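Novice: All I have is the shape, not the residue letters:
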């Protein structure tokens, strides 16, 4: 938790951006795992935590613009709660820690909203992602359940995105600490990547590192020899010598700030020449991003630079042919690089994605493409100093996609399908760092994590 002055400043700033009405922040509740008292690990709503700093369940809050009131809604616990879960300070004591002086019972939250609506006041809320909140909003607003998200306040979304996008020094420290936890996770995974090891064992160990250092992982660990599956959460395989193990994993702080790092490791400790050739293409794209990212250039252009580096490298290996500028413009490279270069990072690993990706990553200067691959670019506009982005180019050999495009005779002027067939079973390579945009460029957050083939092989020894 930050100082109460920090949270007061955030709320005061927000009030200047929203001219009227009340702003509703429903906190999260415990979610049952398989029966009511056996719950998933609790995770507070990011925006509630950003403005009110309390990461316990069953809380809500309202900021009333005209009446200049800030209210936290919650209940004090009883003896049974203390017996099972331990002592918790009163709701008034907790509210005081974040600079809020007014508290009401949790049951009054929706009564307050209903009262505001009856008086014809504007109720601002963010797009809900929990079903209980959507159902309650549907009932209170008297609108169809499927229309709730569309009824969210655009002015509030834009205000929150503007505020949360630029990270303060305190936020950057939190994120940098989590990058350093991720460093320990990835180095441990590299050292465990021996033939015969079970993917699940490695995934469990590195998740344990994250659990011992903060709030757990920032997203479910992606760890697999089948790295061509971009979000592969299956950990059932025994590692085989000569294969590649892709690990995409990060950690989350107690204040909910995330890291997101990917490394690709040769099982057995040595890259083959074929693997090294492909790896170094991805590394060149990753390093180009670090060199060229700045407030002066759209991240879409950095993405396209990465795509051209990947396409040119694959042409050198005989997998692509023709003019690579034209190939990238047409989208032929997306057979191997079918996702965006990166995304915003903060309290959410895809920061504020729930508020609408186009509000976060796009603006009036750049519109989302509908081209396969480029359409998945989550962040395209010019970043500002204080933005934290991921830099994660990759090359993947996806058999189903290769077969589909070949059957459709797609981009035959750019793709050498006979040569590509030789790479089926290769897997995938992704290299990901977290970068902070500065006034003149960017810097990689955290202590260096082994990234070159030489560094990774040395660690694995």
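Specialist: Received the coordinates, thanks. None of the values given here were measured: they were computed from a predicted structure.
Novice: CA atoms for contacts and neighbours, from now on please.
Specialist: OK.
Novice: From residue 162, how far out is residue 76?
Specialist: 34 Å (C-alpha to C-alpha, to the nearest Å).
Novice: again with residue 393
Specialist: Applying C-alpha to C-alpha, the value for residue 393 to residue 162 is 26 Å.
Novice: Comparing those two, which shows the higher neighbour count?
Specialist: residue 393 (29 against 13; other C-alpha atoms under 10 Å).
Novice: ok, now which ones touch the nearest residue to that one once chain neighbours are set aside?
Specialist: Spatial nearest neighbour of residue 393, chain neighbours left out: residue 341 (5.3 Å); criterion: C-alpha to C-alpha, 6 or more residues apart in numbering. Residue 341 sits next to 302, 303, 306, 377, 390, 391, 392, 393 when contact means C-alpha atoms under 8 Å, 6 or more residues apart in numbering.
Novice: switch to 6 Å and redo it
Specialist: If a contact means C-alpha atoms under 6 Å, 6 or more residues apart in numbering, then residue 341 has 303, 391, 392, 393 as its contacts.
Novice: And the strands in the stretch 201-350 of the chain, which stretches?
Specialist: Using DSSP state E, counting those that start in this stretch, the strands found in the stretch 201-350 of the chain span residues 222-224, 244-249, 261-266.
Novice: Low-confidence bits of the stretch 301-450 of the chain, can you list those?
Specialist: For the stretch 301-450 of the chain, no stretch has pLDDT under 70.
Novice: The stretch 101-250 of the chain: helices as residue ranges?
Specialist: 108-118, 131-141, 154-165, 169-192, 199-211 (DSSP state H, counting those that start in this stretch).
Novice: Just tell me which of those ends up closest to residue 282.
Specialist: helix 169-192 (18.0 Å; C-alpha to C-alpha).
Novice: Contacts for the closest one, please.
Specialist: 206, 250, 251, 257, 258, 259, 445, 446, 449, 460.
Novice: Could you do stretch 423-439 as well?
Specialist: Contact with stretch 423-439 is made by 226-228, 261-264, 385-397, 399, 442-445, as judged by C-alpha under 6 Å, 6+ apart.
Novice: Out of the contacts of residue 341, list just those in helices.
Specialist: Under the assignment DSSP state H, the contacts of residue 341 contribute residue 303 to helices.
Novice: so which of the contacts of residue 341 is the most crowded?
Specialist: Neighbour-wise, the contacts of residue 341 (other C-alpha under 10 Å) top out at residue 391, 31 neighbours.
Novice: Could you pull up the contacting residues of it?
Specialist: Contacts here follow C-alpha under 6 Å, 6+ apart; on that basis residue 391 touches 341, 342, 432, 433.
Novice: Leaving out chain neighbours, which residue sits closest to the third one?
Specialist: By that I understand residue 432. In space, residue 432 is closest to residue 392, 4.0 Å off (C-alpha to C-alpha, 6+ apart).
Novice: got a list of what that neighbour touches?
Specialist: By C-alpha under 6 Å, 6+ apart, the neighbours of residue 392 are 341, 342, 431, 432.
Novice: one step back: which one of the contacts of helix 169-192 is nearest to residue 277?
Specialist: Lowest distance from residue 277 to these (C-alpha to C-alpha) belongs to residue 460, with 19.2 Å.
Novice: distance of the closest one from residue 446?
Specialist: 21 Å.
Novice: repeat for residue 115
Specialist: Computed with C-alpha to C-alpha, the distance linking residue 115 and residue 446 is 48 Å.
Novice: who has more neighbours, the two?
Specialist: residue 446 (21 against 11).
Novice: ok, the more buried one - contacts?
Specialist: Contacts of residue 446 (C-alpha under 6 Å, 6+ apart): 176, 179, 180.
Novice: related to what we said a few turns ago, distance to residue 286 for the contacts of residue 391 - can I get that in JSON lines?
Specialist: What follows is those, written out as JSON lines (distance: C-alpha to C-alpha, whole Å):
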{"residue": "341", "distance to residue 286": "9"}
{"residue": "342", "distance to residue 286": "11"}
{"residue": "432", "distance to residue 286": "7"}
{"residue": "433", "distance to residue 286": "8"}
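Novice: among these, who's most crowded?
Specialist: For those, counting by other C-alpha under 10 Å, the largest number of neighbours falls to residue 341: 31 neighbours.
Novice: thinking again about what came up before, so which of the contacts of residue 392 sit within helices?
Specialist: Per DSSP H, the contacts of residue 392 never map to helices.
Novice: could these be laid out in CSV, adding distance to residue 294?
Specialist: Listed next are those as CSV, based on distance: C-alpha to C-alpha, whole Å:
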residue, distance to residue 294
341, 15
342, 14
431, 20
432, 18
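Novice: Can you tell me which of these is nearest residue 403?
Specialist: Of all the contacts of residue 392, residue 403 sits closest to residue 341, with 24.4 Å by C-alpha to C-alpha.
Novice: How about the backbone phi and psi for that closest one?
Specialist: Main-chain dihedrals, residue 341, degrees, to the nearest 10: phi -70, psi -30.
Novice: if I look at it, how far off is residue 176?
Specialist: Applying C-alpha to C-alpha, the value for residue 341 to residue 176 is 21 Å.
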